[in-house]
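**Q** Got a predicted model here, sequence first, then my questions.
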Amino acid sequence: MKSDRSAALLLMGAAILGLVIANSPFGPSFLDFKHSYIGPESIGLSLSVEHWASDLLLATFFLVAGLELKYELRSGILSKPGSAFVPVLAGLGGVVVPALIYVWINWGTDYLNGWPIPTATDIAFALGVLAIFGRGLPKSARVFLLALAIFDDLIAILIIAVFFTADLQAQWLVAAAVIAGLHIVAERTSKLPINYVRVITFLLLWYTVYQSGVHATVAGVILGVIIPAKKTHALVAKIQPWTNTVALPVFAFFAVAIALPTFDGAFSSVFVGIAVALPVGKIVGITLLAILANRLAAKADRLDLEALDFMAISALAGVGFTVSLLMTNLAFVDTQYIVAEGTLAVILGSLISMGIGAWLAQTRGRYYMRKHREEKAKSD
């Protein structure tokens with residue numbers, strides 16, 4: 001449950017299973033179940049099965065992202081301007097360039113609101129592929145990818161909160177702020193079992209944020225960043241195995257479970273925009289700005305990575321998957337055939353990115369292992 005490799009394989013397996021079932025003879029019945037509503041309507045929580053998976057389960061994933069973000073901002077690579085310079089500038093390239101490619105392909109259409117879809121990076125999947133194929137790469141490669149992905153997800157969270165919020169209810173946001181404030185006090189003074197307090201706070205924050213009109217996954221980030229930095233590592237170690245093996249696979253299973261549309265020989269500009277922007281935009285944007293930033297950075301803050309290493313990591317960052325699937329559903333919620341095309345494009349773009357990244361990571365890993373053997377032979 002703690003293995004990056006297992007998490008990536010399980011996530012992909014769940015997605016494939018969802019797609020197969022949705023297009024099997026059992027598909028219509030399963031899709032009816034996926035769209036059926038459960039939950040207490042009296043308190044505004046009558047949601048479809050799919051929404052429970054995307055709104056509640058995915059909030060636990062964003063809780064882990066919030067905890068990792070808090071640690072990196074306070075004690076990790078993002079805590080010092082110098083050490084954060086390379087991954088942050090590269091992350092900006094990995095957001096701006098894919099978005100521009102999507103906008104360029106969709107200019108003049110009604111689908112411009114899908115521009116955030118190719119900007120995301122799936123932390124669990126990208127790290128899993130790197131763990132499988134990147135043996136031999138310098139340790140700084142994983143640190144760079146983690147910091148890059150966390151920064152990308154921070155931007156994705158802001159995008160979700162700002163661009164995908166409808167009918168904002170200010171009183172519920174105030175309630176969420178009060179709950180967050182009380183939890184900060186509880187972290188410092190409460191004699192109650194703090195993990196139970198955190199669970200209660202998480203559920204209350206999730207409910208109030210959901211009722212406010214902001215996407216409920218933001219609640220996970222809020223709780224993550226208000227927990228003291230010194231406690232984040234221990235919590236990530238406890239929660240991440242469950243998000244990797246339960247929350248993310250279940251979300252992927254339902255998100256990818258779509259009935260494949262009948263194509264008339266042509267895809268919409270949404271499909272083309274996402275499928276091109278994810279691999280091309282991430283590779284071009286991250287690689288160029290990472291190389292530039294690494295040259296501009298002070299000598300002590302430079303990463304011991306070469307251009308091809310940055311290219312391998314940038315390709316893995318093109319595995320958008322989880323957050324990109326969420327954004328696809330948010331952007332085109334009223335146009336289901338576009339959601340289907342967008343979902344397929346996210347899968348295709350992520351697979352292309354994964355293939356390029358895995359091949360480059362393996363090639364570069366072998367290069368470093370061979371280099372290490374040659375240096376060792378000379379020293380002997």
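**A** Nice, I can see it.

**Q** Could you pull up phi and psi at S48?
**A** The phi/psi pair for S48 (degrees, to the nearest 10) reads phi -70, psi 160.

**Q** For it, give me its contacts.
**A** By C-beta atoms under 8 Å, 6 or more residues apart in numbering, the residues touching S48 are 34-38. C-beta coordinates here come from the backbone N, C-alpha and C atoms, glycine included.

**Q** at 10 Å instead, please
**A** Counting by C-beta atoms under 10 Å, 6 or more residues apart in numbering, S48 makes contact with 33-39, 54-55, 254.

**Q** Equivalent analysis for K378, please.
**A** With contact taken as C-beta under 10 Å, 6+ apart, K378 is in contact with no other residue.

**Q** how near is it to D304?
**A** Per C-beta to C-beta, to the nearest Å, K378 is found 19 Å from D304.

**Q** F310 against A141, yeah?
**A** Yes: using C-beta atoms under 10 Å, F310 is in contact with A141, at 9.0 Å.

**Q** which residues are in contact with both of those two?
**A** Counting by C-beta under 10 Å, 6+ apart, the residues touching both F310 and A141 are L303.

**Q** What sits closest to A90 if chain neighbours are left out?
**A** Once flanking residues are discounted, A90 sits nearest to A290: 3.8 Å by C-beta to C-beta, 6 or more residues apart in numbering.

**Q** brain fart, V276
**A** Spatial nearest neighbour of V276, excluding adjacent residues (C-beta to C-beta, 6+ apart): I101 at 6.1 Å.

**Q** tell me which element the one you found is part of?
**A** Secondary-structure assignment from DSSP states H and E places I101 in helix 81-106.

**Q** quick one: that helix to chain centroid distance?
**A** With C-alpha atoms, centre = their mean, to the nearest Å as the basis, helix 81-106 stands 15 Å off its chain's centre.

**Q** try stretch 323-342
**A** Taking C-alpha atoms, centre = their mean, one finds stretch 323-342 lying 16 Å from the centre of the chain it belongs to.

**Q** How about stretch 239-252?
**A** 12 Å.

**Q** quick check: mean pLDDT across that stretch?
**A** For stretch 239-252, the mean per-residue pLDDT is 87.

**Q** Please identify the buried residues of it?
**A** 239-240, 243-245, 247-252 (16 or more other C-beta atoms under 10 Å).

**Q** Looking at these, which are in helices?
**A** If you go by DSSP state H, the buried residues of stretch 239-252 have 239-240, 248-252 in helices.

**Q** Please identify which helix or strand holds the residue nearest to A90.
**A** Assessed by DSSP H and E, A290 sits inside helix 282-296.

**Q** quick one, the next helix or strand after that helix and helix 81-106 angle?
**A** As assigned by DSSP H and E, the chain's next helix or strand after helix 282-296 is helix 307-317. Counting by axes from the mean of the first three to the mean of the last three C-alpha atoms, to 10 degrees, helix 307-317 lies at 60 degrees to helix 81-106.

**Q** Pick out the residue closest to the middle of this structure.
**A** Per C-alpha atoms, centre = their mean, the C-alpha nearest to the average position across the chain is that of D122, at 3.6 Å.

**Q** average pLDDT for stretch 285-297?
**A** Across stretch 285-297, pLDDT averages out at 93.

**Q** any residues touching stretch 21-34, and which ones?
**A** Against stretch 21-34 from outside (C-beta under 10 Å, 6+ apart): 18, 20, 48-51, 53, 253-260, 340.

**Q** Name the residues of it that come out as buried.
**A** For stretch 21-34, by 16+ other C-beta under 10 Å, it's 21-22, 27, 30-31, 34.
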